[in-house]
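> Fold the following.
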Amino acid sequence: MSSKKCNVTFEIEKELEPHQVIGMVGATKALGCWTMKNAIILKNSTETEKNKFSTTVRLEKGKTHFYRYFQANVVCKEFVVTSWDALEDPRMLVIPDMENHVVSDVYGKNCSCGWLTGQSELRIYLSSCAEKPLLRKSTLATDTSQLKMKVSANPVFSSKLVKLLPCDSEVSENTISTCVEIPENEGDNHISFVFQYWKSRTVTALLTVLNDEGVVGTATFSTCSLDNSKGTLCLPVIKEKGKTAVAEISVAYSVIHSFSHKDMDLAKSQNIWDRSRMLLVGHRGCGNSFTADNLSNYRENSIESFTKVSDKDGAFIEFDVHLTKDSVPIVYHDLTTCLQTLKKDGSPGLAEVPVYQLLLEEVQTIRTKHRSRRINRRSLAFDEDDFEVNPPFPTLAEVFEEVSENTGFNIELKYPSFNVNGRYEDGLCDYIDANHFLDKILQVVFDYGEDREVFFSSFDVDMCIMARKKQNRYPVFLLTNGNTTHYTKMMDLRERTNEMALATAKAEGLAGINSLELDLYEFPDIVEKVHKAGLMMAFYGDGVANNLPLFDEKNVDVAIYDRIHTIDYTPRERNDEANDNKKNNKQYISDCTTRNKTASSSFRTTNHVLLHP
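Residues are numbered from 1 along each chain as shown. Below is the predicted model of the structure:
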């Protein structure tokens with residue numbers, strides 16, 4: 001009597017380092033129910049074929065099984081995922097009616113980089129510009145151009161160096177003893193030292209300044225002394241002999257802790273996301289309703305505005321999310337709002353306050369006004385005093401619940417930016433801890449996201465990297481002010497130009513960049529540069545709505561604009577040559593520990609593509 005189950009052997013041929021493994025996880029109990037703790041590790045069983053790894057699993061005949069592979073480093077008996085199968089559809093296998101069956105798979109394409117599955121990450125950034133020099137108050141006789149720096153941290157289990165140049169990035173592993181030249185000006189590169197460690201440990205970072213004769217001095221800090229998960233430290237460089245400060249170094253940093261959720265497994269992915277048409281996205285829903293030249297007739301970032309966009313087939317909604325004082329994610333564009341008050345003489349007044357200093361109950365019950373109404377009394381196209389039918393400040397959870405699941409979301413993570421004039425957005429230099437901020441938002445997204453298409457974006461580079469490292473499902477775009485002088489430049493060199501933003505996105509596994517529309521008119525080659533890097537190009541701005549055919553012609557991937565509900569435009573089907581060029585230029589992770597190989601996300605497949613032959 002034949003068995004109801006088949007011995008299925010899965011095998012992959014791949015070159016691995018001794019600390020690396022290939023694993024698999026799938027939908028059924030036999031394949032681990034998509035959870036990493038139940039993952040199956042493929043083993044090497046032959047000395048003659050050292051690069052062939054396999055495992056045998058008994059699976060029921062005639063059944064369809066879905067599964068994915070991943071690559072990981074083994075650290076203290078824990079798996080640190082470095083890459084994984086990231087197509088929307090997992091691999092599929094129908095079990096044949098036979099006793100034994102061998103599946104020879106290929107791993108390396110259609111992969112996305114790993115995420116923090118339990119470990120934390122300390123990032124130390126070295127860059128210099130006129131507005132924020134790296135080395136200051138130096139009493140060194142040595143020319144700074146002759147100085148180098150070595151950055152180490154302890155205790156950590158991995159280290160990485162990310163070097164950014166316009167349109168290019170270089171990633172190197174195991175950099176504990178690597179010396180780098182100290183960047184002197186904006187034209188030099190931007191360098192990131194990345195260390196992974198277990199959150200329970202306190203990590204001490206040591207920055208050593210050297211010249212040709214040896215050590216000039218050292219600077220140090222510990223993770224336990226940091227007030228926020230991201231910021232800048234001014235550290236004294238202490239001379240070894242004499243214990244005197246010979247310089248001061250300005251070092252930016254970020255600390256990223258892992259995020260966990262019961263639904264964050266390997267079952268779902270939106271990381272590989274190809275479209276044959278330009279994606280249309282409604283800015284703040286139906287558009288800016290307070291400060292634009294052409295005002296929307298629906299309150300911006302309101303349920304009513306979002307629902308109106310839902311009527312357009314295939315359209316997405318862009319909106320801004322930040323937190324209230326009681327840490328509830330709410331949808332509102334500005335970081336401040338105005339409370340309606342009474343002056344001493346009994347006349348009405350407006351008091352501007354940061355939203356994060358107000359409780360959810362307060363923003364949803366106190367009568368507020370948009371901050372522009374303090375000085376601008378222009379006639380609006382909607383009733384701003386309607387707090388019953390169409391109120392401001394919906395929670396992110398309410399937006400997920402009340403807007404059709406067929407409508408995709410572009411969630412902008414609204415965190416105070418820092419410009420070249422040394423000013424924080426709205427003066428908010430002390431803000432919510434970055435990890436706490438993101439974890440609260442991600443909790444809602446994973447609680448309510450289900451099958452809705454979502455991607456994140458932010459003008460804050462660290463927010464983008466953190467959003468990418470904390471979760472494995474949703475793509476992330478880096479927002480920039482572009483290369484024109486329309487907006488004040490950012491202090492962070494990683495996004496000061498589109499070319500540096502491109503390099504950042506490429507190195508950090510982001511989906512692409514999102515720039516001001518004026519760049520398409522003045523620097524149209526940016527689209528080709530981004531596509532050659534295997535990334536996506538999005539544009540936002542007041543004039544996008546009037547130039548959709550041009551953006552479509554230039555093969556822009558995402559167009560974000562106002563009054564989407566009043567404009568009828570159907571993006572053209574991209575020709576095969578344009579799509580093939582973009583796909584051929586994509587970089588897919590085959591080994592995340594290999595120098596110069598970085599992950600890049602793409603847009604979702606229109607047709608379901610199965611990886612298994």
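
> could you list every residue that touches residue 69?
Taking Cβ atoms under 8 Å, 6 or more residues apart in numbering, we find residue 69 in contact with 12, 22-24, 84-85, 91, 105, 107. For every residue, glycine as well, the C-beta is placed using N, CA and C.

> out of the residues you listed, which are inside strands?
Of the positions in the contacts of residue 69, 12, 22-24, 84-85, 91, 105 sit in strands, assigned by DSSP state E.

> List of residues touching stretch 360-370?
Here stretch 360-370 makes contact (Cβ under 8 Å, 6+ apart) with 290, 324-326, 328, 330, 332, 334, 337-340, 350, 355, 358, 384-385, 387, 391-393, 395.

> one more time with 6 Å, if that's ok
Here stretch 360-370 makes contact (Cβ atoms under 6 Å, 6 or more residues apart in numbering) with 290, 324, 326, 328, 337-340, 350, 393.

> coming back round to it: pLDDT and neighbour count for the ones in strands among the contacts of residue 69 - can I get that in CSV?
Formatted as CSV, the ones in strands among the contacts of residue 69 follow (pLDDT from 0 to 100; neighbours: other Cβ atoms under 10 Å):
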residue, pLDDT, neighbour count
12, 95, 21
22, 96, 24
23, 97, 21
24, 97, 24
84, 94, 26
85, 94, 26
91, 96, 22
105, 95, 20
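
> quick one on the thing from earlier: so which of the contacts of residue 69 is the closest to residue 554?
residue 85 (32.1 Å; Cβ to Cβ).

> What distance do you get for that closest one to residue 14?
Separation of residue 85 from residue 14 (Cβ to Cβ, to the nearest Å) stands at 13 Å.

> swap in residue 575?
35 Å.

> same check, this time on residue 120
28 Å.

> Settle it for me: which of the two has more neighbours?
For residue 120 versus residue 14, the count of surrounding residues by other Cβ atoms under 10 Å is larger for residue 120: 22 against 18.

> Show me what the host helix or strand of that one packs onto, helices and strands only.
Using DSSP states H and E, residue 120 sits in strand 119-126. Strand 119-126 is packed against strand 190-198, strand 245-256, with contacts defined by 3 or more Cβ pairs under 6 Å, 6 or more residues apart in numbering; DSSP states H and E.

> and the longest one, what's its mean pLDDT?
Spelled out, it's strand 245-256. The pLDDT scores in strand 245-256 average 94.

> tilt between it and strand 119-126?
Following axes from the mean of the first three to the mean of the last three Cα atoms, to 10 degrees, one obtains 140 degrees for the angle between strand 245-256 and strand 119-126.

> and if you look at the first one?
Inter-element angle recorded for strand 190-198 and strand 119-126: 160 degrees (by the same axes, to 10 degrees).

> picking that back up, which of the contacts of residue 69 lies at the shortest distance from residue 230?
Closest to residue 230 out of the contacts of residue 69 is residue 84 (26.6 Å), distances taken as Cβ to Cβ.

> Surely the closest one touches residue 71?
No: counting by Cβ atoms under 6 Å, residue 71 is not a contact partner of residue 84; they are 7.3 Å apart.
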